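Participant: how would this look folded up:
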Amino acid sequence: MTMKNGKKLMQPTSTKLTLKESVLSALAFFALYDSPLHLQRIRELLNQSATLEEVQHILSKLVEDNKIFQAGNLYSLKPWQASDYRDRQIEISKKWQKIDSYYKWLAVLPFVRLVSVINSLSLGTADADSDIDFFVVTKNRRLYFVRSVIIVLFRLLGVYKTRERIKDKFCFGFFVTQNNLNLESLQIKPADPYLDFWLASMRPVVGGQQYWELMQQNSWLRAKFPNFEPINRHATLKKTNIFLRTISLILEILLYIPAELAEPWLRRIHITHTFKLAENHAVTSTTVANATMLKLHAHDVRAQVANAHKDLLQSFR
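Facilitator: Numbering: from 1, shown residues only. Modelled structure (predicted):
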């Protein structure tokens with residue numbers, strides 16, 4: 001690995017970074033999680049347009065100037081152990097295999113329009129003890145009915161995350177309805193790198209068309225990452241299984257009236273329970289629970305991440 005030598009880099013005076021500063025910004029975020037990046041992923045997460053060749057040139061210059069670390073086709077602001085990186089990739093692969101083994105259950109969920117993997121697994125920072133987090137888009141007026149079905153189903157399957165059982169368990173902590181797809185209002189000020197990289201790293205599993213609509217509704221993300229192409233996140237989507245989708249459609253028809261009647265009642269139960277928990281009244285909480293969004297976020301670390309990201313960049317000044 002090539003070591004950085006502490007030479008100074010100018011901190012940008014505006015939100016428009018130079019290409020070098022933009023490269024360092026992407027590397028800095030993932031360095032917070034000891035995670036190196038490949039060339040193509042770095043390009044995707046730049047805040048300005050650039051070709052792979054231009055990004056490669058900047059990376060080569062930074063390596064040459066001893067400002068970043070390189071090993072093979074991986075780059076980072078911090079050194080990393082090849083064995084640790086390999087072990088992490090193995091654990092990530094195992095978690096995806098687990099998702100694959102339960103795919104049919106995700107695919108038949110009624111009134112669900114999108115299931116995406118989020119947080120540590122989608123960011124590539126998961127380790128052996130991590131859970132598996134999902135973001136779910138539901139049909140309008142079906143959010144809490146869907147959540148109730150998910151809780152019952154995946155508890156019965158033995159993979160639903162609880163306070164005592166976390167490792168490799170499924171965590172469904174973020175739901176929105178189809179009419180509430182724009183997540184820009186969730187950003188913290190003045191900067192929210194976690195939400196930016198989180199959304200650009202989301203990996204859809206079920207519902208490719210709805211994922212595309214989600215990206216369209218969050219066009220502000222493309223303003224931040226002009227090289228980002230949602231199609232590049234489609235590798236985790238399964239091919240449409242007509243049998244499973246037919247089952248889901250039949251369930252929606254059969255459950256239409258029960259769901260319509262139960263949704264207001266379930267909404268009151270879930271929201272009341274959510275805000276009875278002391279953790280959702282803590283100063284660190286940004287939990288949202290209403291008719292079109294359920295975001296369970298009792299310990300929101302985004303402000304700390306933003307400060308750590310800023311401090312890491314400033315260390316290059």
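
Participant: Provide a list of residues in contact with the residue most central in space within the chain.
Facilitator: Nearest to the geometric centre of the chain sits residue 118, at 3.2 Å (Cα atoms, centre = their mean). Counting by Cβ atoms under 8 Å, 6 or more residues apart in numbering, residue 118 touches 133, 134, 135, 174, 198, 201, 202, 203. Just so you know, the C-beta spots here come from the backbone N, C-alpha and C atoms, and that holds for glycine as well.

Participant: if you set the cut-off to 6 Å instead, what comes out?
Facilitator: 133, 135, 202 (Cβ atoms under 6 Å, 6 or more residues apart in numbering).

Participant: got a winner among these for most neighbours?
Facilitator: residue 135 (26 neighbours; other Cβ atoms under 10 Å).

Participant: Looking at the contacts of residue 118, which is nearest residue 163?
Facilitator: Checking the contacts of residue 118 against residue 163 by Cβ to Cβ gives residue 133 as the nearest, at 15.4 Å.

Participant: what about residue 181, is that helix, strand or coil?
Facilitator: Under DSSP: H, G, I helix; E, B strand; the rest coil, residue 181 falls in the coil class.

Participant: Against residue 225, how distant is it?
Facilitator: 18 Å (Cβ to Cβ, to the nearest Å).

Participant: Pull the number of nearby residues for residue 25.
Facilitator: Neighbour tally, residue 25, other Cβ under 10 Å: 19.

Participant: May I have the secondary structure class of residue 167?
Facilitator: Residue 167 ends up coil, using three-state DSSP.

Participant: so where's the stretch 1-150 of the chain shaky on pLDDT?
Facilitator: 1-16 (pLDDT under 70).

Participant: mind redoing it with 90?
Facilitator: For the stretch 1-150 of the chain, applying pLDDT under 90 flags the ranges 1-17.

Participant: which among the contacts of residue 118 gets closest to residue 283?
Facilitator: residue 133 (22.8 Å).

Participant: Dig out what the closest one forms beta bridges with.
Facilitator: residue 118, residue 171 (DSSP bridges).

Participant: Test my guess that it contacts residue 171.
Facilitator: Yes: between residue 133 and residue 171 there is a contact under Cβ atoms under 6 Å: 4.8 Å.

Participant: Run through the neighbouring helices and strands of the lengthiest helix in the chain.
Facilitator: In the chain, assigned by DSSP state H, the helix with the most residues is helix 242-276. Contact partners of helix 242-276 among helices and strands, from 3 or more Cβ pairs under 6 Å, 6 or more residues apart in numbering; DSSP states H and E: helix 143-156.

Participant: Also compute the angle for the helix it packs on relative to helix 242-276, please.
Facilitator: Angle of helix 143-156 versus helix 242-276, following axes from the mean of the first three to the mean of the last three Cα atoms, to 10 degrees, is 100 degrees.

Participant: residue boundaries of the helices in the stretch 101-250 of the chain?
Facilitator: 103-107, 119-123, 143-156, 193-201, 208-217, 220-224, 242-276 (DSSP state H, counting those that start in this stretch).

Participant: Columns distance to residue 21 on top of those, output as a markdown table?
Facilitator: Converted to a markdown table, the helices of the stretch 101-250 of the chain look like this (distance: least, Cβ to Cβ, whole Å):
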| stretch | distance to residue 21 |
| --- | --- |
| helix 103-107 | 40 |
| helix 119-123 | 21 |
| helix 143-156 | 40 |
| helix 193-201 | 14 |
| helix 208-217 | 26 |
| helix 220-224 | 14 |
| helix 242-276 | 40 |
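
Participant: Between those, which one is closest to residue 49.
Facilitator: helix 220-224 (10.7 Å).

Participant: Count the residues that sit near the closest residue to residue 137 other than its chain neighbours.
Facilitator: With sequence-adjacent residues excluded and distances taken as Cβ to Cβ, 6 or more residues apart in numbering, residue 137 is closest to residue 114, at 3.8 Å. Residue 114 has 24 neighbouring residues, counting by other Cβ under 10 Å.
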